[in-house]
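1. Provided below are the primary sequence and the corresponding predicted coordinates.
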There are 2 protein chains.
Amino acid sequence: MSNMSNMSNITPVDITVTSAYQTKFGELWDKSLYDLIAETIHGVLKNSSLEKKDIEIVYFANKMASQACDQNHISAIINQILGTQVPVIRIEAACASGGVAVSQACLALESGKYKRALIIGAEKMTDLPVDQISYDLMHAASQQERDAGLTFVGLYALLAKKYLITFDATEKDLALPSAKNHKHAQSNPKAQFPFEISVEKIMASPLVADPIRLLHCSPITDGAAAVIIEKNKNNKNKIKIVASAQAGDTLALSQRETLTTLPATTHSAQIAYTQAGISPQDISFAEIHDCFSIAEILAVEDLGFCKKGTGFRAMRNGDFSMGGACPVNISGGLKACGHPVGATGVKQIVEIVTQLQNPTHTKLKKPLVGLAHNIGGTGGTAVIHILTK
Amino acid sequence: MSNMSNMSNITPVDITVTSAYQTKFGELWDKSLYDLIAETIHGVLKNSSLEKKDIEIVYFANKMASQACDQNHISAIINQILGTQVPVIRIEAACASGGVAVSQACLALESGKYKRALIIGAEKMTDLPVDQISYDLMHAASQQERDAGLTFVGLYALLAKKYLITFDATEKDLALPSAKNHKHAQSNPKAQFPFEISVEKIMASPLVADPIRLLHCSPITDGAAAVIIEKNKNNKNKIKIVASAQAGDTLALSQRETLTTLPATTHSAQIAYTQAGISPQDISFAEIHDCFSIAEILAVEDLGFCKKGTGFRAMRNGDFSMGGACPVNISGGLKACGHPVGATGVKQIVEIVTQLQNPTHTKLKKPLVGLAHNIGGTGGTAVIHILTK
């Protein structure tokens, strides 16, 4: 499947992040999708010296508005809020919608046609009945897998089973990312679940799809996030995007050659490291797509933070905890900060910008380099951004 | 609302169209959305000297797959068909999805990161019950308008009423675009309705929303279209995209200052003409978004082909018929060729490429310059492309 000979997008990236904003993530029953969008636009402009009229193009990431709000054409609502007539492009790429929106906005600036882009990711999920949400989320999996009765937790359970068998990891190892991410979330005021959960409690939570338990799973969340990016700014002391890479893969796991790697992650990582001119060991901290805890274990390996089959050992060692070699999901990740699907990829960028501006931990590897890893489905889409100061 | 001071995307466009393909449009009950996508990929590659592995990035325009096929993550299915891991970006912008996908692909090439992009627009609509299709299409209108009981034909009926009153046009004038487009469709083997319909028959068709009648409306259609575009090719005798512009507007008509103009069209047209360095009078022929016949009358005025309030007179005069000053909708337009919503904007480009290669009419203004005009909703989004040889 690999197509590395065709790796044309390895030219360097040099984009400045001017502003970032995130709403509280959680069950926001008193806020509509439009309220969340309006709040992020207001917030991201307030955090900058820009006005509405300064925005030249907008990318809007959202997966479920058609089902959750009976509304598809939100691009026009965004122009209504901004009071502009700028192009607004709605991006839908399952749970990678946010990451794809950021990478498309980078392309728009690199084209030279636009100097300043606003990226908004927003999702309103908790108003829908759980059965409908589950059904609608499965629109991002293959028909064959759904016909076989598989859900996303079932698909990731297949990956987890294969991983445990292949690398002699234990069920306890599957609890480690969740426990770590909840611990990290304690200091994130925007997190949906900002409290600790012990490994024991995680291991005692109900099995959903063997070996995946309830507390290995990211939640259903409402929330939004936004960033403004610019080209040709004086880059001194500014936060920069130095890599932006997207790769794809087959939709169905049954079409893959491996179940212990997500090739879209390895492929996009290779492009991103080449763009940035760095190696995985240069990354100071990362926001990783931990939709299920096994996803984080696969990702730290696929991103090259440690060798294939050793992610769970590095996790045991605390390498990805605060104070470790490369803290992962300082925000709490999808598990504890929450996972409003269209917003997640944008929120990862917001979190990295926040850490680059005011690191919550003084022991981070210098120079500060943050990586965001956003996945759609079971790796049918992967997007990686690398930011530095 | 206008934001022309912010018109940053007026730099020239220079993109080569390498290949184009369109499936038959119609009620294709023996074909799935995936069949249509596979056929266009096969067809557009066969019409070129390229192979699957030559495609570096894909833009996929679709509005309704989530509702019509319970499938959102088609980007991964496209990689499965291509056997690649390239970025595939799904674009949804109501009925302007295809035009937005083409314009985003142009940006991707202009960024210098990609040399060759495939754009696919596909929609499978006729499998759904008509009530559901109507409801789902309304996801592209504002909640307030829907709460008031308005449908798209109702919204366009408001525009039509206002037009007839303001400019002293007659109900017969509303029949002229439909009659012309059906006449044009006779020579298009891909058209859904390739036969003539008389003005009398159109005027005798049932009223749907006064003054709009059934035969003023574009149909529900299945179909797909694709183009491959390239950068930095030897442009001699090649077909080029010389302008690519998108503009937005409010979602609701109630927020607009005028009902006799779609400002997103005038705004994007101004950018497109500036990019191409031409005036409206230089256009040889155009594919225009005639979702309802009033939309074509508004558009020929908003695009500057004639003065505001004179479009119906120019139509009476035959200016937009084959043999006229600027034939509009040689393909048959949305009315007679069909309107598979996500495919329409891409099919417009395919049609213009076809006409530039082998003009069906020898009296076209020289040099040959074709314009494509794609609208989302009631003008919340507008996209314009200009092509020449």
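-> Sure, I can see it.
2. name the nearest residue to the residue in the stretch 1-150 of chain A that chain B sits nearest to, sequence neighbours excluded.
-> Closest approach between the stretch 1-150 of chain A and chain B, counting by Cβ to the nearest Cβ: A:Ala76, at 2.9 Å. All C-beta spots, glycine's among them, are computed from the backbone N, C-alpha and C. Excluding the flanking residues, the one nearest A:Ala76 by Cβ to Cβ, 6 or more residues apart in numbering or on different chains is B:Gly380, at 2.9 Å.
3. number of residues surrounding A:Ile81?
-> A:Ile81 has 16 neighbouring residues, counting by other Cβ atoms under 10 Å in any protein chain shown.
4. wait, A:Glu27
-> Neighbours around A:Glu27, by other Cβ under 10 Å: 15.
5. equivalent analysis for A:Ile133, please.
-> 17.
6. what kind of secondary structure is the residue of the stretch 1-150 of chain A closest to chain B in?
-> Assigned state for A:Ala76: helix (three-state reduction, DSSP: H, G, I helix; E, B strand; the rest coil).
7. would you agree it is in contact with B:Asp249?
-> Yes - counting by Cβ atoms under 8 Å, B:Asp249 is a contact partner of A:Ala76 at 6.4 Å.
8. shared neighbours, the two?
-> Jointly contacting A:Ala76 and B:Asp249 under the rule Cβ atoms under 8 Å, 6 or more residues apart in numbering or on different chains are B:Gly380, B:Thr381.
9. do the strand or helix carrying A:Leu387 and chain B meet?
-> If you go by DSSP states H and E, A:Leu387 is part of strand A:381-388. Yes - contact between strand A:381-388 and chain B is present through A:Thr381 (criterion: Cβ under 8 Å from any Cβ of the partner chain).
10. packing partners for that strand?
-> helix A:97-110, strand A:239-248, helix A:263-276, helix A:341-357, strand A:369-376 (3 or more Cβ pairs under 8 Å, 6 or more residues apart in numbering or on different chains; DSSP states H and E).
11. please save the CA atoms from it in CSV.
-> C-alpha atoms of strand A:381-388 as CSV (Å, rounded to 0.1, in the frame of the first residue of the first chain):
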residue,chain,number,x,y,z
THR,A,381,-6.9,9.1,8.1
ALA,A,382,-4.0,10.5,10.2
VAL,A,383,-2.7,14.0,10.5
ILE,A,384,0.4,15.2,12.3
HIS,A,385,1.5,18.8,13.1
ILE,A,386,4.7,19.8,14.7
LEU,A,387,5.0,23.2,16.5
THR,A,388,7.9,25.0,18.1
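12. and that strand, what's its mean pLDDT?
-> If you average the pLDDT over strand A:381-388, you get 97.
13. stretch A:37-57 now?
-> 96.
14. what is the end-to-end distance of it?
-> 16 Å (Cα to Cα, to the nearest Å).
15. buried ones in that stretch?
-> Within stretch A:37-57, the residues that qualify as buried are A:37-41, A:43-45, A:47-48, A:50, A:54-57, counting by 16 or more other Cβ atoms under 10 Å in any protein chain shown.
16. gap between stretch A:333-342 and the chain center?
-> Distance of stretch A:333-342 from the chain centroid (Cα atoms, centre = their mean, to the nearest Å) equals 8 Å.
17. give me the pLDDT value at A:Asn3.
-> 41.
18. again, but for A:Gln143
-> Taking A:Gln143 on its own, its pLDDT is 87.
19. dump the residue contacts of it.
-> By Cβ under 8 Å, 6+ apart, the neighbours of A:Gln143 are B:Asp70, B:Gln71.
20. what about it, distance to B:Arg116?
-> 30 Å (Cβ to Cβ, to the nearest Å).
21. going along the chain, name the strands of the stretch 51-200 of chain A.
-> Listed in chain order, the strands of the stretch 51-200 of chain A (DSSP state E, counting those that start in this stretch) span A:57-61, A:88-91, A:116-123.
22. where does pLDDT dip in the stretch 101-250 of chain A?
-> Along the stretch 101-250 of chain A, the parts satisfying pLDDT under 70 run over A:232-235, A:237.
23. what does it have sitting close to chain B?
-> Residues of the stretch 101-250 of chain A lying near chain B (Cβ under 8 Å from any Cβ): A:103-104, A:107-108, A:110-115, A:136, A:138-143, A:146, A:246-250.
24. buried stuff in stretch A:163-174?
-> Buried, per 16+ other Cβ under 10 Å, within stretch A:163-174: A:Tyr163, A:Leu164, A:Phe167, A:Ala169, A:Glu171, A:Asp173, A:Leu174.
25. identify the residues contacting that stretch?
-> Here stretch A:163-174 has contacts from A:160, A:199, A:203, A:211-213, A:216, A:259-260, A:293-294, A:297-298, A:309-310, A:312, A:315-316, using Cβ under 8 Å, 6+ apart.
26. rerun at 7 Å
-> Defining contact as Cβ atoms under 7 Å, 6 or more residues apart in numbering or on different chains, one finds that stretch A:163-174 is touched by A:Ala160, A:Val199, A:Met203, A:Pro211, A:His216, A:Thr260, A:Ser293, A:Ile294, A:Ile297, A:Gly309, A:Phe312, A:Met315.
27. does the last one touch A:Leu176 like I think?
-> Yes - contact criterion Cβ atoms under 7 Å: A:Met315 and A:Leu176 qualify, at 4.5 Å.
28. what's the burial count for the closest residue in space to A:Glu123 that isn't next to it in sequence?
-> The shortest distance from A:Glu123 to any non-neighbouring residue, by Cβ to Cβ, 6+ apart, is to A:Pro340 (3.6 Å). Using other Cβ under 10 Å, A:Pro340 has 35 neighbouring residues.
29. give the contact list for the closest residue to A:Val17 other than its chain neighbours.
-> Spatial nearest neighbour of A:Val17, excluding adjacent residues (Cβ to Cβ, 6+ apart): A:Ile239 at 4.6 Å. By Cβ under 7 Å, 6+ apart, the contact list for A:Ile239 reads A:Thr16, A:Val17, A:Val353, A:Leu356, A:Gln357, A:Leu387, A:Lys389.
30. between the residues you listed, which is nearest chain B?
-> For those, the nearest to chain B is A:Thr16 (16.1 Å; Cβ to the nearest Cβ).
31. pull stretch A:102-112 out as CSV, backbone CA atoms only.
-> Listed next in CSV are the C-alpha coordinates belonging to stretch A:102-112 (Å, rounded to 0.1, in the frame of the first residue of the first chain):
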residue,chain,number,x,y,z
VAL,A,102,-5.5,22.8,10.2
SER,A,103,-3.4,21.2,7.5
GLN,A,104,-5.7,22.5,4.7
ALA,A,105,-5.5,26.0,6.3
CYS,A,106,-1.7,25.7,6.2
LEU,A,107,-1.9,24.8,2.4
ALA,A,108,-4.1,27.9,1.9
LEU,A,109,-1.4,30.2,3.4
GLU,A,110,1.4,28.4,1.6
SER,A,111,-0.4,29.1,-1.7
GLY,A,112,0.3,32.8,-1.2
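32. which outside residues touch that stretch?
-> A:13, A:15, A:57, A:59, A:89, A:91, A:114, A:117, A:119, A:229, A:231, A:241, A:244, A:246, A:345-346, A:349, A:383, A:385, B:11, B:89, B:104, B:107-108, B:110-113.
33. buried only: go through the residues you listed for me.
-> A:13, A:15, A:57, A:59, A:89, A:91, A:114, A:117, A:119, A:229, A:231, A:241, A:244, A:246, A:345-346, A:349, A:383, A:385, B:89, B:104, B:107-108, B:110-113.
34. if we can go back for a sec, what about the residue nearest to A:Ala76, neighbour count?
-> For B:Gly380, using other Cβ under 10 Å, the count is 31.
35. for it, give its distance to B:Thr250.
-> From B:Gly380 to B:Thr250 the distance is 7 Å (Cβ to Cβ).
36. shared neighbours, the two?
-> Counting by Cβ under 7 Å, 6+ apart, the residues touching both B:Gly380 and B:Thr250 are A:Ala76.
37. so A:Pro219 touches A:Gln192, yeah?
-> Yes - A:Pro219 sits in contact with A:Gln192 when judged by Cβ under 7 Å, with a separation of 6.2 Å.
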